[in-house]
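1. give me coordinates for this.
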Amino acid sequence: MDNVRKHICEIEKLTLSQYATLSENTKGRLRECEPCQLRSEFQRDRDKILHCKSFRRLKHKTQVFLSPEGDHYRTRLTHTLEVSQIGRTIARALRLNEDLVEAIALGHDLGHTPFGHAGERQLNQLVEGGFVHSLQSKRVVDILENNGKGLNLTFEVRDGIANHKYDDCPATLEGEIVKYADRFAYINHDIEDAIRGGVISNADLPKDCIAALGESKSKRINNLILDMVKTSWDKPAIQQSSDFKEATEKLHQFMFDRVYLNPKAKGQEAKAVKIIVMIFDYYMNNIDRLPDFYKYLLEEYPKDRVVCDYISSFTDRYCVRVFSELFVPDGWTIL
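-> Numbering: from 1, shown residues only. Coordinates of the predicted model:
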């Protein structure tokens with residue numbers, strides 16, 4: 001049976017690019033453990049993430065629109081799956097390690113807060129040392145999952161998770177792929193959701209960007225992938241052509257100006273932020289009311305960081321439920 005994993009490692013050496021990260025060359029885990037008989041180290045990490053509780057909670061966490069009415073708006077989970085798909089396509093085309101890309105992609109947003117980036121910005125103001133969702137995702141897999149034991153992932157996956165923001169510098173090309181795949185995914189699916197929500201229309205999109213990248217979401221994503229594969233082919237770097245990079249940056253700025261900061265799309269954020277502040281203050285003043293696991297963390301971490309850990313794990317609807325239990329009299333409802 002052990003020959004199966006060894007055979008997978010041999011296939012990697014025979015088929016992957018000289019620039020790929022081979023699973024047998026991993027820098028290791030925080031704690032040593034016996035290798036799996038059937039899976040490479042990165043396959044094993046992918047499965048650990050896929051089966052963890054934090055991954056399941058992503059289905060009820062905001063992507064852009066808070067509690068949208070409609071079945072087809074993205075959630076943090078569907079965003080994660082789209083990032084994984086885009087990243088795997090790029091990795092396979094460039095003969096880089098697809099399993100490593102998939103593991104990083106599936107884990108990159110595990111630390112995201114309820115109510116999307118509005119929740120992240122608020123927690124960043126409340127906790128000493130700040131709050132960044134990418135670093136929280138790494139904290140989730142290192143410490144918070146598995147009853148405080150963490151998932152014990154490889155260095156390469158943990159590094160990619162912690163460094164997936166656009167200005168970050170991950171240690172592997174596979175991590176670089178996820179960084180770009182994240183941006184390609186959210187720009188394009190957020191356009192689709194914003195059009196569905198009546199925040200913008202197709203006619204509003206910058207015409208030069210659409211001419212360069214494509215008229216539809218599928219065409220844009222396909223062209224972005226093709227450009228990246230062509231520009232990065234047989235090179236020790238992941239990059240876009242100058243024309244595509246310029247068009248992507250301009251479209252990204254358009255989304256900030258017209259969607260991400262648009263009161264129509266973000267009109268409920270002030271209420272969501274207030275909920276987070278009130279819950280945070282409550283637990284800071286009633287630390288004994290934290291669940292037992294988080295009380296255990298208080299032995300090693302500051303109080304505000306532990307309260308932040310607890311709140312950032314909430315889904316949108318659970319956050320509202322906790323608020324109702326703490327502050328809304330029985331028999332009342334909140335909208």
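2. buried sites along stretch 282-294?
-> Neighbour-count burial for stretch 282-294 flags 282-283, 290, 294 (criterion: 16 or more other Cβ atoms under 10 Å). C-beta coordinates here come from the backbone N, C-alpha and C atoms, glycine included.
3. let me see the mean pLDDT of it.
-> The average pLDDT within stretch 282-294 is 97.
4. one more: stretch 76-91?
-> On average, the pLDDT along stretch 76-91 is 98.
5. convert that stretch to CSV, retaining C-alpha atoms only.
-> Provided in CSV are the C-alpha atoms of stretch 76-91 (Å, rounded to 0.1, in the frame of the first residue of the first chain):
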residue,chain,number,x,y,z
ARG,A,76,-17.7,32.7,0.9
LEU,A,77,-17.9,29.0,0.1
THR,A,78,-18.8,29.3,-3.6
HIS,A,79,-16.1,32.0,-3.9
THR,A,80,-13.6,29.5,-2.5
LEU,A,81,-14.6,26.8,-4.9
GLU,A,82,-14.3,29.2,-7.9
VAL,A,83,-10.8,30.2,-6.7
SER,A,84,-9.9,26.5,-6.5
GLN,A,85,-11.2,25.8,-10.0
ILE,A,86,-9.3,28.7,-11.6
GLY,A,87,-6.1,28.0,-9.7
ARG,A,88,-6.2,24.3,-10.6
THR,A,89,-6.6,25.1,-14.3
ILE,A,90,-3.6,27.4,-14.3
ALA,A,91,-1.5,24.9,-12.3
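6. wait, which of the buried residues of stretch 282-294 is closest to Met228?
-> Nearest to Met228 out of the buried residues of stretch 282-294 is Tyr294 (Cβ to Cβ; 41.3 Å).
7. just checking, that closest one is part of a helix?
-> Yes: applying DSSP: H, G, I helix; E, B strand; the rest coil, one finds Tyr294 inside a helix.
8. what's the longest helix in the protein?
-> When the chain is parsed with DSSP state H, its longest helix is helix 173-196.
9. now do the buried residues in it.
-> Those buried within helix 173-196 under the rule 16+ other Cβ under 10 Å are 173-191, 193-195.
10. tabulate the buried residues of stretch 282-294 (JSON lines), appending secondary structure and distance to Thr26.
-> JSON lines is the format used below for the buried residues of stretch 282-294 (DSSP: H, G, I helix; E, B strand; the rest coil; distance: Cβ to Cβ, whole Å):
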{"residue": "Tyr282", "secondary structure": "helix", "distance to Thr26": "43"}
{"residue": "Tyr283", "secondary structure": "helix", "distance to Thr26": "38"}
{"residue": "Leu290", "secondary structure": "coil", "distance to Thr26": "35"}
{"residue": "Tyr294", "secondary structure": "helix", "distance to Thr26": "31"}
